[in-house]
Every structure is written in structure tokens, then in C-alpha cells.
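K.L.:
Sequence plus the predicted model coming up.
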Amino acid sequence: MATKAKVIGVNMVKFRKPGTHEPYEVMASKAIQGALEDAGIDYKEVQQAYAGYVYGDSTCGQTALYNVGMTGIPVINVNNNCASGSTALYLARQAVESGALECVLAFGFEEMRPGALKSNWEDRTAPFSWAVDRLHELNPKLEESGSRAIKIFGAAGTDYLEKYGANPDIFAKVAVKSRNHAIQNPYSLFTKPLTVEEVMNAPIIAANMTRYMACPPTCGAAAAIVCSENFARKHGITDAVEIIAQSMTTDTMESYENPINLAGADMTWRAAQQVYEQAGIGPEDIQVVELHDCFTPNEVITYEGLGLCGRGEAEKFINDKNNTYGGKYVVNPSGGLMSKGHPLGATGLAQCTELIWQLRGQAGARQVEGARIALQHNLGLGGAGVVTMYRKG
């Protein structure tokens, strides 16, 4: 019989710049132990584990978990690009909801290298070369060299501005908003305020995109304990947060249509609509959102993909400050990937951690008042879009 999945323990380590971090197994084991302590359970009660990471050899998940203990449980290693952490959570939630397991662990980690993302494999087909090839078909003047991610999200931002006639400063305003939120987060890597002028005048990395509109590569780990209602009840856990809906989507032929969809907008839209239908709750009932802001153009596009505002309405949404405290939603109260950084496998579970803290009222100075319903969005090109809705109590 299906059961509701509850998140009972979360934790993350502060993300660090490459070269200043601890080994992945140390970061991950700290996050796992913290989540177990937060849940108030013994590791021996965990029946299965899902480990999300991208830059590592096979069975890194086992190595990380063995630092906590060797109990013989199944460990499933998950690589789904930037959505790896949320994919681990997706599998954990499915295992519990199906009734197959009572208590499982989802964790993610990453040791990143400095600079833009690139493949470790040059002797085989790149996972989203089809998307880059299509981008060059749409824009034959695009340079052949350079980071695939920067190209795709840069082109999506330009396409958005041209399609809706928006002011390019919206991407800078989003960066300023995220940094203002980060000031209140002890887990943020960057806490120095930014101005729109500073963001706009920073070195250009792509058309309509500067360095301050891109998240930094970082190293880190995060973890979540997911269990059944019955398990939570038996252990007297009263602050569990329910996963009320979750969806994962991949690309369709619509992804080929334009740069915005190549950057995952259609995946996001379909995942969000499925979540709203499952939950019976629409975007108007959400108070707090953690979304995938690897580049600020993606945050702008995602406002519309999640239905936080209508198509072509993101500029007004931003200028009306409906993405921050005092507005309709608080988007990325953590400071987002823009301020915390983006260790690929850890990102989705760090988003989960922030939202659980928010719904429990444990977010300190960045607490969103009256937070009851939270939405999470984690995107991996290639592709995977994961949207998750949480409810307090």
C-alpha cells in the first residue's frame, strides 16, 4: 500500500572553492551524520542509500557511506548531471511511497575543478552534444569553442530578451537579489552585496551575460533522510516535512524548437504542471522556492516555467520584487547557486535542506514568514528536470 514520504533529517556542509575543500568522502560523511543526528535516528535503521555525484568513479557512494558505517545495505550511485542530487531524492521518495522500504538516505557530493564545466571524456559522444549542435543550427554565427553550458544559457537569455523585449538588466537584478539573500546565510560562499551596475559592468562571458550572472564551481555535500509516516510515528518525530508531489521529466522534440527550451524550460514546465496536478495545489499557494539558478537567465526563464508568473511577465515580476521578501514569493532565500556555488551532486539536496529548514522555521535571519508550502526545482542539461513540493507538518 502506498504511503506518504516524509523528510525527517537534513544537513549540508558549507560549500568551498576547489582546492580549499575536504575529500568527497569526508564532506559526504559529515553531511550524512548531520542528517542522521537531525532525524534523531541510528544509521542502522537506514535500509537503502542513493548517492548523487557526477565527477567521480563508480562506487564513490559506497566509499563515502563507509565512512559512516558498513551495514551492508544497497547503495545506488546516481549520475544525472546537475540534477543528480534531486534524482537521488526522487528514488528515495519512490522507494518509501511504494511501501518497499521504511527509511532511506539520499545524499550528494562533488569535488569540482576551477573554471567552466567540461566533460572528462573526449573520446566519445558528449551527453548533450545534440543540444549544442541544434544551438549552432539556430545561430550559425555562434563560436564553436567555449563552454557548452555558458553557450546554451547565454543563448536562452538572449532569446528571451528578443522574444519579449525585456531589459537586459533583469539578469543583473536577479543576481543582486540573490546576493542580498545570501548575506543572511552562513552557508553562502559569497556574502558581499552587489549592485546592478557592478553586475552589468563585469567581464562578459556570453551575449547579455557577465561573470556575476554565473554561479561558481564549488565542492560540497548534502543529505536527507526520507521515511514513511509509520516510521516517523513510531519514532515520535513531530517535525517531519511531507513530500506532497514530485516529478521528473526529460527532453521531448519541443526542446529542439528554440534556445529557451534547449536550456530546459519545457522540461521545467511539464514537471511543474505534473506536480501541481498531483498535489492539487497551484503556484499561488507557495511561499518559498529554491530553483536552479546556475545562470541568472535561467532563473528568469524558470519563474515562468514554474508558473510563478505568466509567459513574458518575468520583467514585471522582478521589478515588482515578487521574487523576494515582501513579495508574492521568496525565491532562493539561501542565495541560490549564485551565492552558495554549485557542486553538482550536492545541489539538489542542499536545496532540499534549505526548504526543510524554512518549513520548520529554522532558517534564522532569512526565515520566510508563514512558510507552509515550498517548491524545489533542480535542472540537469542532457536532460533531467526535477520539481518537488513540500508541506509543513
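P.N.:
Received, thanks.

K.L.:
tell me the contacts of Gly370?
P.N.:
Gln287 (C-beta atoms under 8 Å, 6 or more residues apart in numbering). In short, each C-beta sits where N, CA and C put it, glycine included.

K.L.:
element containing it?
P.N.:
Using DSSP states H and E, Gly370 maps to neither a helix nor a strand.

K.L.:
go on, Gly9?
P.N.:
Going by DSSP H and E, Gly9 is in strand 5-12.

K.L.:
For that strand, output the C-alpha coordinates as CSV.
P.N.:
Taking Å, rounded to 0.1, in the frame of the first residue of the first chain, the C-alpha atoms of strand 5-12 are listed here in CSV:
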residue,chain,number,x,y,z
ALA,A,5,7.1,10.1,2.2
LYS,A,6,8.4,12.3,5.0
VAL,A,7,11.8,14.1,5.2
ILE,A,8,12.9,13.8,8.8
GLY,A,9,16.6,14.8,8.7
VAL,A,10,18.7,17.1,6.6
ASN,A,11,22.2,18.5,6.6
MET,A,12,24.8,20.1,4.4
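
K.L.:
and the helix or strand just after that strand, what other elements does it pack with?
P.N.:
Per DSSP H and E, the first helix or strand lying C-terminal to strand 5-12 is helix 24-39. Helices and strands touching helix 24-39, by 3 or more C-beta pairs under 8 Å, 6 or more residues apart in numbering; DSSP states H and E, are strand 5-12, helix 60-66, strand 103-110, strand 220-228.

K.L.:
who's in contact with Ala350?
P.N.:
Met12, Phe15, Gly85, Gly108, Tyr187, Gly220, Ala222, Ser334, Lys340.

K.L.:
got the angle for the helix or strand harbouring it vs helix 24-39?
P.N.:
Assigned by DSSP H and E, Ala350 belongs to helix 344-360. Per axes from the mean of the first three to the mean of the last three C-alpha atoms, to 10 degrees, the angle that helix 344-360 makes with helix 24-39 is 20 degrees.

K.L.:
CA atoms only for helix 344-360, dumped as CSV, please.
P.N.:
Output of helix 344-360 as CSV, limited to C-alpha atoms (Å, rounded to 0.1, in the frame of the first residue of the first chain):
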residue,chain,number,x,y,z
LEU,A,344,26.6,19.2,-9.0
GLY,A,345,25.7,16.1,-7.0
ALA,A,346,25.0,18.1,-3.8
THR,A,347,22.9,20.9,-5.2
GLY,A,348,19.5,19.3,-5.2
LEU,A,349,19.9,18.0,-1.6
ALA,A,350,21.2,21.4,-0.5
GLN,A,351,18.0,22.9,-1.9
CYS,A,352,16.0,20.3,0.0
THR,A,353,17.9,21.1,3.2
GLU,A,354,17.2,24.9,2.9
LEU,A,355,13.5,24.3,2.3
ILE,A,356,13.1,21.8,5.2
TRP,A,357,14.7,24.5,7.5
GLN,A,358,12.3,27.1,6.1
LEU,A,359,9.3,24.9,6.7
ARG,A,360,10.4,24.1,10.2
